[in-house]
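*Asks:* could you work out the structure for the sequence below:
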Amino acid sequence: MTRTRFFLVVVGLCLACLAAEGILRFYRFVFVSRRMPEAEVIKALPENAPDPYLFMSDIPGLFVADPEVVHRYRRGARIRWQGAWYEINTQGWRGPEWPKVKEKDDVVLCLGDSITFGYGVPFETTFCKRLEVLLKEKFPRNPPIVFNAASDNYNTEQEVRIFKELLPLLRPDIVIVNFYRNDIYPSLFNVDDQGRLCLLPEPEVSSPSSPFHNFYSSLLPHSFLLKFLDQRIGSVISFWALQVSYNATGSREARYWQEAEQRLRELVQLARRSHAQVLFAYFPDLHELGILKIRPSFYRFRRISHNLQVPLIDIRESLQRHLREKLYRKGDPFHLNERGHRLAAQALVEVIEPLLKNR
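*Replies:* Purely as a prediction, here's the structure:
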């Protein structure tokens with residue numbers, strides 16, 4: 001290739017990038033900014049409502065510190081965040097007050113993180129609540145009770161501790177551990193003086209960043225094209241990198257998986273002593289759907305399920321059949337929307353119904 005051709009190719013790529021940048025800015029101005037201006041969104045909320053662009057963990061007074069599980073929701077809290085109300089009952093869990101359990105009651109206990117909690121959707125549309133409604137239709141004479149004991153940013157260690165706390169109180173017949181791939185990691189949060197959930201300070205990185213990385217990081221907040229590519233292509237590359245690290249026996253992730261398996265083994269043993277049936281449910285994010293099938297964490301979790309002899313419900317199988325529908329919150333590839341929660345509840349009830357019939 002001559003210098004002239006090389007120069008023309010470079011100029012053409014630059015012009016194409018500028019054109020794409022202009023198209024994205026025009027689309028954002030016409031179809032996003034005009035349809036939902038920031039002033040109207042804030043005006044539509046009550047005066048004491050939190051900023052709709054904050055994370056839920058940033059809302060003051062929502063969390064309290066706990067020496068056993070690091071953080072809990074403040075009892076009696078009631079906030080509105082991104083179009084949904086969140087009410088924490090006096091027991092410290094989302095939704096209305098928990099009923100007292102009787103001996104004849106069939107109890108289903110759901111453990112999990114923000115996905116099970118219902119991040120971004122009303123309580124009535126969460127898959128735990130929908131599961132209870134579906135089970136009441138199946139068992140009208142003695143409707144099972146579904147308890148949602150999930151919290152934002154909980155991991156397997158915290159879920160096991162919550163299970164130990166609730167086991168003598170609820171005496172569950174079925175325990176569902178709803179798993180997401182970051183549940184293996186240790187808690188990186190604490191509760192500050194204002195009742196917010198804050199990340200612990202990260203250790204300093206010994207090796208300095210490259211000049212290209214510094215330039216890219218400084219340019220990323222100002223370019224819609226780079227944001228678009230980073231959110232789509234960058235996340236896919238990071239997932240392929242995770243697949244390599246998950247399968248490496250000496251990696252940090254491998255150690256976290258081993259620790260998660262030990263904790264889940266303890267939960268399964270406690271449940272079996274109480275004659276409770278344990279189920280694992282794997283919740284994928286948007287990157288694990290479609291033709292890419294980037295699923296290193298699922299295969300590791302399936303191995304744990306096999307080792308512990310616990311049935312595994314793959315929620316992806318239900319979501320995969322409805323790929324043409326929107327199943328995740330807008331701009332959030334990790335948390336299901338109302339339609340996604342409905343499909344998850346249907347997948348769970350197909351497994352739970354025969355278990356309750358055979359009890």
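*Asks:* what are the phi and psi values for the residue nearest the centre of the chain?
*Replies:* The geometric centre of the chain, computed from its C-alpha atoms, lies nearest to residue 115 (CA atoms, centre = their mean), at 3.9 Å. Torsion angles at residue 115 (phi, psi; degrees, to the nearest 10) stand at phi -70, psi -50.
*Asks:* check it and give its pLDDT.
*Replies:* On the pLDDT scale, residue 115 is placed at 96.
*Asks:* where do the helices sit along the stretch 51-200 of the chain?
*Replies:* 114-117, 127-138, 156-170 (DSSP state H, counting those that start in this stretch).
*Asks:* could I get those helices in a markdown table, plus columns for distance to residue 76?
*Replies:* All C-beta spots, glycine's among them, are computed from the backbone N, C-alpha and C. A markdown table is the format used below for the helices of the stretch 51-200 of the chain (distance: least, CB to CB, whole Å):
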| stretch | distance to residue 76 |
| --- | --- |
| helix 114-117 | 17 |
| helix 127-138 | 20 |
| helix 156-170 | 19 |
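*Asks:* residue ranges with poor pLDDT in the stretch 251-359 of the chain?
*Replies:* Scanning the stretch 251-359 of the chain for pLDDT under 70 picks out 290-294.
*Asks:* okay, strands next: where are they in it?
*Replies:* 277-282, 312-314 (DSSP state E, counting those that start in this stretch).
*Asks:* now do the strands in the stretch 51-200 of the chain.
*Replies:* 63-66, 70-73, 78-81, 84-87, 107-112, 145-150, 174-179, 189-191, 197-199.
*Asks:* just the CA trace of the first one, in PDB.
*Replies:* When you say that, I think you mean strand 63-66. Extracted in PDB, the C-alpha atoms of strand 63-66 (Å, rounded to 0.1, in the frame of the first residue of the first chain):
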ATOM      1  CA  PHE A  63     -29.100   0.900  54.900                       C
ATOM      2  CA  VAL A  64     -27.900   0.100  58.400                       C
ATOM      3  CA  ALA A  65     -24.700  -1.600  59.300                       C
ATOM      4  CA  ASP A  66     -24.800  -5.200  60.600                       C
END
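*Asks:* buried ones in that strand?
*Replies:* Residues of strand 63-66 classed as buried by neighbour count (16 or more other CB atoms under 10 Å): residue 63.
*Asks:* same thing with the fourth one?
*Replies:* With burial defined by 16+ other CB under 10 Å, the residues of strand 84-87 counted as buried are 84, 86.
*Asks:* nearest to residue 65, of the helices of the stretch 51-200 of the chain?
*Replies:* Nearest to residue 65, of all those, is helix 156-170, at 13.1 Å by CB to CB.
*Asks:* show me what the residue lying closest to residue 122 once chain neighbours are set aside bridges to in the sheet.
*Replies:* For residue 122, ignoring the flanking residues on the chain, the nearest one in space by CB to CB, 6 or more residues apart in numbering is residue 84 at 4.8 Å. According to DSSP bridges, the partner residues bridging residue 84 are residue 81.
*Asks:* rewinding a little: and of the helices of the stretch 51-200 of the chain, who's closest to residue 343?
*Replies:* It's helix 127-138; of those, that one is closest to residue 343 (CB to CB) at 8.3 Å.
*Asks:* mind checking how far that closest one is from the chain centre?
*Replies:* 21 Å (CA atoms, centre = their mean, to the nearest Å).
*Asks:* now do that helix against strand 174-179: the angle between them, please.
*Replies:* 150 degrees (axes from the mean of the first three to the mean of the last three CA atoms, to 10 degrees).
*Asks:* buried sites along helix 127-138?
*Replies:* 127, 128, 129, 130, 131, 132, 134, 135.
*Asks:* what about the residue nearest to residue 116 when sequence neighbours are not counted, distance to residue 331?
*Replies:* Excluding the flanking residues, the one nearest residue 116 by CB to CB, 6+ apart is residue 150, at 3.6 Å. Applying CB to CB, to the nearest Å, the value for residue 150 to residue 331 is 22 Å.
*Asks:* can you pick out the residue with more neighbours from the two?
*Replies:* Comparing residue 150 with residue 331 by neighbour count (other CB atoms under 10 Å), the higher total belongs to residue 150, at 23 against 6.
*Asks:* does the more buried one touch residue 114 like I think?
*Replies:* Yes: look at residue 150 against residue 114 with CB atoms under 8 Å: they come within range, at 7.5 Å.
*Asks:* picking that back up, which of the strands of the stretch 251-359 of the chain is buried the deepest?
*Replies:* strand 277-282 (a mean of 22; mean count of other CB atoms under 10 Å).
*Asks:* distance between that strand and the chain's centre?
*Replies:* On CA atoms, centre = their mean, the centre of strand 277-282 falls 16 Å from that of its chain.
*Asks:* I'm done for today, thanks for sticking with me.
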